[in-house]
Every structure is written in C-alpha cells, then in structure tokens.
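Colleague: just to be clear, the model below is a prediction. Sequence and coordinates:
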Amino acid sequence: MPSCRRAARDLARLARACGIAAAAGPGCFLVCDSNKTHTVTETGFAAELEWFTTPAPGGPFTGSWRSGPAIELVGPAGAARSVDDGATWAAISGLPAGLGAIATGSGAERWMVGAGGLAGVWRYEGFAPGTTGTTADLHDLSTYAGFGGVAVGTEGTVLTTADGVTWAADPDVAALLGAPAPTLYAADLLSDGTLWIVGEGGLVLHRADDGWEVVDLGTDADLHDVAFASPSRGMVAGNDGAVFRTDDGGATWVAAPAPGTIHALVYVGTADEPVRWATGPDGVVWSFDGGAWHEEARTADGSALTTIADAGDLNLAAGTGPEALVLGWVEHGFTEQFERSSCPEYVGRPYVVEGAARVAPVFPADTDHADPRWLRQAQEEHASIAAFARFARQLRALGAPAALVADALAAQVDEARHAALALAMAGGGTLGALDTVDDLVPVSLLALALANAREGCIVETAAAFAAMEAAGTAATPEERRVWRTIARDETRHAALAWRFLRWAIAVDPAVHDAVAPLFVRRPASVPVSVWEQVILPAVRTMRAVSPVAERWRAELVSPRLS
C-alpha cells in the first residue's frame, strides 16, 4: 500500500508543475493494482457503482449505443441522446419512425435498422436512408470494423452491408431455413468475422469460414439475444430463463438457467474477469458470476427492459418505461478504513468530438488472455495523440505563444510512446484507425479554453497523479517503469493545460468567468486530495495577468484553423 507520505510528495510535485508553490493538507488517495487488496483510510467522498434512473424522451426504446460519455437510444417512436453518461437526455430529431436497433458504423456514423425493412446511416447532420429490398421487420443489427454489418428480422431475414446504405440478403440462409422461415431476433458479428444469430424456437445459426450451420441447444424456447466477449466465449438467452454459454467457440454449450425471461444480454471482459448483464420483461437487471444469477436493479414501475449496452464501468438498460436505468459512479461521503481491490482508471487528454470521446478499435494478439486494463489504456493513449494534434493546430490558429505550440506537438510524441507501452503490457496487438475527419472546425478562444479546462486542467491533472500512485503499487518492475514514464509525461501535459488557461485569461478576462463553473463541483472520478490540494489552488491563480497580455490581445487573430 502506498504511504500517505509518498502521496503527499506526489501531490506536491504535481502542484509545483501546475504553478502552485506548495500543496498541503490531509488526504491520501490510492490507485489500486487489480491483483491486490489494499486498505486505506480517508475522509471525503467515495465513488461507488450504483444504478440510477433518468428520464429519456422518445421511448419505448429497443436499441442502444454507447461510446465514452455519449449514449444513444432508438425505438419505434423516437430517439434520445445523452452526452453526460445518462445524467440528462435530449430527443434526437430528423430520424424516421420505426427504428429498432443502432450500432457503430464507419467513423462517426451510426447505422440503424427497423420496421418494414427500414435501414440507414445517421450522422449529426442528418439521416441517409438505405435500400434493403425487403419489407421484413429488422430486429437487430451488429457491426464490426472490417467486416461491415449484419441485420436480422422476421421471415428468416439476414442482410449484410459494407456501408450501412446498401444491403443484400444472404441466399444461403433462406436455403438453410426453408419455409416458413422463423423470426430472427439477434445477431453478434465477432472480431474474427464469424457470426452468431438466434431466433424463434431455440434456433441458433453460426456462420464461419466454411459456411452456415444450425446449432442444436436442446431447447425450443425463443432466444432473444446473443453476446460474445471473444470468439471463444459467449452466451445466448431467451424465454423462461433459457440461457446457454460456451467457452470454446460454440463447440460445446452449458446451460446456465436464469430466474426469468431475458430480453437483452451483454457479455464482456476476459476469461478471468467476465462481465455479464441481462434484462427482462419485468424490469429486472441481473448479473451472472459464472455460477449464479443476482438481481442488481429493477424498474420502479416494473416496465420491461428491452435493450442493454456496456462499455467499461458504465452500463445502460432501457425499454418501455419513461426512464433509462444507468449504472455509473455515485458519490458517498465517508470517514472510515476500507478495502479496495480495484479503483477508477485515469488516462490522459481524451479525444472528444461533439461531446463524445472517440477511440480507435484495438486488436489484441491474444483475444482471450489480453489484459483489458492495458488494452483500454492503449486506446485512450492513442486517442490522446489526435487530441494534442488538434490542440496544436488550434493554438497556432489563435496566435498562442510558440512555447505552448511546441509543448503540444511534443505531447503527441509522448502519447504515441504511451500507447505503444500500454499495448505491449496488454500482450501485444495493433490499433486501428481513429476517425478524425470531422474535427477540423473553427474554434474560438473561449471554446478552446472550456475544452482545455475539462480535458486538461481536470482530467489530465488527475491522470498525472493516478499514474504516480500506480507506479507505487505496480506488481512488477516492468509495470513500474511504464507508469513512471506515463506519470512524468502526464505531469508536463497537465502543466501545459494550466499554462494555456492562464494565457487565455490574460488575453480575454471573460474566459475566467466562463470556465469558473467547471470548478464548482468535484467530479466523482477526481480524488479529493487532487481536487483540494492541486486543482482548486491552481484555479485561484488563474487571474494572474501576464506582462505581455495587452500585446497578445492586440495580436489575437481571427479564429480559424490552418
């Protein structure tokens, strides 16, 4: 367990880098190694995972999508979007009625399907309808980078697409199912290109390199969903608690009966740390630990939950009721000694476009044994390269001092090194392309200052301290070296964020009042000690006026990107 003495030393080092003379006061925050259990005493606030409900307009919902803090829901009557982890929602306009499912498309696109053969592509500027050549109701959609998308529905319909606009029926499925063909409810397209589909009467279809096969699980219950965490580990679930799981790519299946009917299912994580969630018609959310099912939450009015999405530490379930259930970090005050086996993760500057964080797909060398913590770290560090590249362009466009531009360019090199180190710690692999095509937009000094305050002054400052503490709790010398490298570089990046903010305020004092509300309430993911001993003292120095402020005001160019 890292000592409070070392934590105080790390805080002092970070505070000096951020322009604070000294950091003082009680408080000891611990970033834990997931392989150990640590005891820590702290007075402040703890962030725990709990379910909460928030009103989402446009329901009922049958499809969900999530990336970073952005969540989108679609249903037959409307769609809703949140950019703050489900805390607030707004209706999405311009979408057709009858949507049933949504999935990640190319770049910033979302592909959607629905009733009567409805399909199309949505970006923030609007919806482009597609052509499917069918009037069948499409119930589910699954996509994977490099393999396109697959939609399934009534009358045994299986459609494939490469672009979300032009869809084609798979003739081999029709021949396999015969007539009348059963309804297909769900599909999961995997990282190796294999495809699993489930439907009426216990039907399970599997497509691999050698073609299609029907898998007999010995049940005639309708199966509503299929979810695979990797090509070898997956689950199918449906009516009357019918659940089956496999750990060998479908060669064998084991029954795992649930307490009731399951409408939607997610299955993520490694073989050692699986995460499985399921929802049903009576509004229950269950988790499965490999041996038993546990009730985790329930809708207040018993309304059915028909869709569930998972990404990291936040899950979402929605359905026929007026609210969505969100599993996220909720604060609790405490003064106690307690044990933790895991803690919140921190990464550097995120790459955010229109309120949603973007990362590139990651392809581990060994899917079943890759460390998910380091895979996620690699994705986030890789995204930070693009974030700093954009930041450097924006600084040049605003006439910022050359030293700030140079430091932003140097940070790109740091983040590239971090991504390579994290990927190596995960066991190897590659990162795909990150979509950056729509981030070349004009930026004002005020808009950049707000983004920098959130993503740099708050997120990166917390990330720098977390990396310092992670180096102290690392399980191996190799991990310790990696975290020390990240901590050193992230400290410089946090310092850059504060230097830019002070310059921006010197150029335009109105920036101070615009960013001040961001520092009123501590985010749950930021340690109390970092907030009170580094961030808030740094905020109090922001009104310091540079001796060359007037010159910068006079020379500030029109905000445009070169």
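Modeller: That came through fine.
Colleague: pull out the buried residues from the helix ranked longest in the chain.
Modeller: In the chain, assigned by DSSP state H, the helix with the most residues is helix 477-507. Residues of helix 477-507 classed as buried: 479, 482-487, 489-491, 493-507 (neighbour count, 16 or more other CB atoms under 10 Å). Backbone N, C-alpha and C define where each C-beta goes, glycine included.
Colleague: how about the helix or strand just after that helix: buried residues?
Modeller: The first helix or strand that comes after helix 477-507 along the chain, using DSSP states H and E, is helix 510-515. Of the residues in helix 510-515, 511, 512, 514, 515 count as buried by neighbour count, 16+ other CB under 10 Å.
Colleague: which strands and helices sit next to helix 510-515?
Modeller: Packing partners of helix 510-515 (3 or more CB pairs under 8 Å, 6 or more residues apart in numbering; DSSP states H and E): helix 445-452, helix 477-507.
Colleague: redo those as JSON lines? Include distance to residue 383 and mean pLDDT.
Modeller: Output for those, formatted as JSON lines (distance: least, CB to CB, whole Å; pLDDT from 0 to 100):
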{"stretch": "helix 445-452", "distance to residue 383": "14", "mean pLDDT": "92"}
{"stretch": "helix 477-507", "distance to residue 383": "14", "mean pLDDT": "90"}
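Colleague: which neighbouring elements make contact with the longest helix of the chain?
Modeller: Contacts defined by 3+ CB pairs under 8 Å, 6+ apart place helix 477-507 against helix 4-17, helix 372-397, helix 402-425, helix 445-452, helix 461-473, helix 510-515, helix 549-555.
Colleague: low-confidence stretches in the chain?
Modeller: 1-9, 21-49, 68, 270-273, 311-314, 328-347, 437-442, 543-562 (pLDDT under 70).
Colleague: distance to residue 461 added to the helices and strands packed on helix 510-515, as TSV?
Modeller: What follows is those, written out as TSV (distance: least, CB to CB, whole Å):
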stretch	distance to residue 461
helix 445-452	12
helix 477-507	4
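Colleague: before we move on, the earlier item: so the longest helix of the chain versus helix 445-452, what angle?
Modeller: 160 degrees (axes from the mean of the first three to the mean of the last three CA atoms, to 10 degrees).
Colleague: mind listing what residue 70 touches?
Modeller: By CB atoms under 8 Å, 6 or more residues apart in numbering, the contact list for residue 70 reads 81, 82, 83, 355, 356, 357.
Colleague: so residue 454 makes contact with residue 517?
Modeller: No. Residue 454 is not in contact with residue 517 according to CB atoms under 8 Å; the separation is 11.0 Å.
Colleague: who has more neighbours out of those two?
Modeller: residue 454 (18 against 10; other CB atoms under 10 Å).
Colleague: residue boundaries of the strands in the stretch 1-150 of the chain?
Modeller: 38-55, 63-67, 70-74, 79-82, 90-91, 99-104, 110-114, 119-123, 126-129, 138-144, 148-153 (DSSP state E, counting those that start in this stretch).
Colleague: now the residue lying closest to residue 497 once chain neighbours are set aside. Its backbone dihedrals?
Modeller: In space, and not counting its chain neighbours, residue 497 is closest to residue 456: 2.7 Å by CB to CB, 6 or more residues apart in numbering. Main-chain dihedrals, residue 456, degrees, to the nearest 10: phi -100, psi -60.
Colleague: residue 456 and residue 325, how far apart?
Modeller: For residue 456, the distance to residue 325 (CB to CB, to the nearest Å) stands at 32 Å.
Colleague: most packed of the helices and strands packed on helix 477-507?
Modeller: Most buried of the helices and strands packed on helix 477-507, by mean neighbour count (mean count of other CB atoms under 10 Å): helix 461-473, with a mean of 25.
Colleague: packing partners for it?
Modeller: So helix 461-473, by 3+ CB pairs under 8 Å, 6+ apart, packs with helix 4-17, helix 477-507, helix 528-530.
Colleague: distance to residue 410 added to those helices, as TSV?
Modeller: Converted to TSV, the helices and strands packed on helix 461-473 look like this (distance: least, CB to CB, whole Å):
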stretch	distance to residue 410
helix 4-17	15
helix 477-507	8
helix 528-530	24
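Colleague: out of those helices, the one nearest residue 430 is which?
Modeller: helix 477-507 (18.6 Å; CB to CB).
Colleague: now the angle between helix 402-425 and that closest one, please.
Modeller: Counting by the same axes, to 10 degrees, helix 477-507 lies at 160 degrees to helix 402-425.
Colleague: gap between the two ends of stretch 100-117?
Modeller: End-to-end distance for stretch 100-117: 11 Å, by CA to CA, to the nearest Å.
Colleague: how distant is that stretch from the center of its chain?
Modeller: When distances are taken as CA atoms, centre = their mean, to the nearest Å, stretch 100-117 is centred 18 Å away from the chain's centroid.
Colleague: returning to what we had before: please name whichever of the helices and strands packed on helix 510-515 is nearest to residue 158.
Modeller: Closest approach to residue 158 among the helices and strands packed on helix 510-515 (CB to CB): helix 445-452, 42.9 Å.
Colleague: give the buried residues for stretch 127-135.
Modeller: Buried-residue list, stretch 127-135, by 16+ other CB under 10 Å: 127, 130, 132, 134.
Colleague: can you redo those residues as CSV with distance to residue 209?
Modeller: As requested, the buried residues of stretch 127-135 are exported to CSV (distance: CB to CB, whole Å):
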residue, distance to residue 209
127, 35
130, 27
132, 26
134, 26
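Colleague: between these, which is nearest residue 427?
Modeller: Minimum distance to residue 427 across the buried residues of stretch 127-135 is 38.2 Å, recorded for residue 130 (CB to CB).
Colleague: wait, isn't the closest one in contact with residue 168?
Modeller: No. With contact defined as CB under 8 Å, residue 130 does not reach residue 168; the gap is 11.1 Å.
Colleague: now do the shared contacts for those two.
Modeller: residue 161.
Colleague: report how many residues lie close to the residue nearest to residue 53 when sequence neighbours are not counted.
Modeller: Nearest residue to residue 53 in three dimensions, chain neighbours excluded: residue 323, at 4.2 Å (CB to CB, 6+ apart). Using other CB under 10 Å, residue 323 is surrounded by 19 other residues.
Colleague: got it, and residue 55?
Modeller: 12.
Colleague: the one 4 residues further on now?
Modeller: When neighbours are defined as other CB under 10 Å, residue 59 has 24 of them.
Colleague: contacting residues around it?
Modeller: Contact partners of residue 59, counting by CB under 8 Å, 6+ apart, are 73, 75, 77, 78, 80, 318, 319, 320, 321, 322.
Colleague: what does residue 102 give?
Modeller: Contact analysis of residue 102 by CB under 8 Å, 6+ apart lists 63, 64, 65, 72, 73, 74, 110, 111, 112, 141.
Colleague: let's see it at 6 Å
Modeller: 63, 65, 74, 110, 112 (CB atoms under 6 Å, 6 or more residues apart in numbering).
Colleague: residue 280: which of those residues is nearest?
Modeller: Nearest to residue 280 among the contacts of residue 102, with distances taken as CB to CB, is residue 63, at 17.0 Å.
Colleague: returning to that earlier point: how far off helix 372-397 does the longest helix of the chain point, in degrees?
Modeller: Interaxial angle of helix 477-507 relative to helix 372-397 (the same axes, to 10 degrees): 30 degrees.
Colleague: switch to numbering from 529
Modeller: All set: I'll call the first residue 529, so the last point we hit is now helix 1005-1035.
Colleague: and the angle for helix 1005-1035 with helix 989-1001?
Modeller: Interaxial angle of helix 1005-1035 relative to helix 989-1001 (the same axes, to 10 degrees): 160 degrees.
Colleague: follow-up on the earlier one: how much space between the residue nearest to residue 581 and residue 833?
Modeller: Distance, residue 851 to residue 833, using CB to CB: 11 Å.
Colleague: next: residue 793.
Modeller: Counting by CB to CB, the gap from residue 793 to residue 833 is 11 Å.
Colleague: backbone dihedrals for the residue lying closest to residue 886 once chain neighbours are set aside, please?
Modeller: Of all residues not flanking residue 886 in the chain, residue 879 sits nearest, at 5.2 Å (CB to CB, 6+ apart). The phi and psi values for residue 879, taken as degrees, to the nearest 10, are phi -100, psi 110.
Colleague: that'll do, ta.
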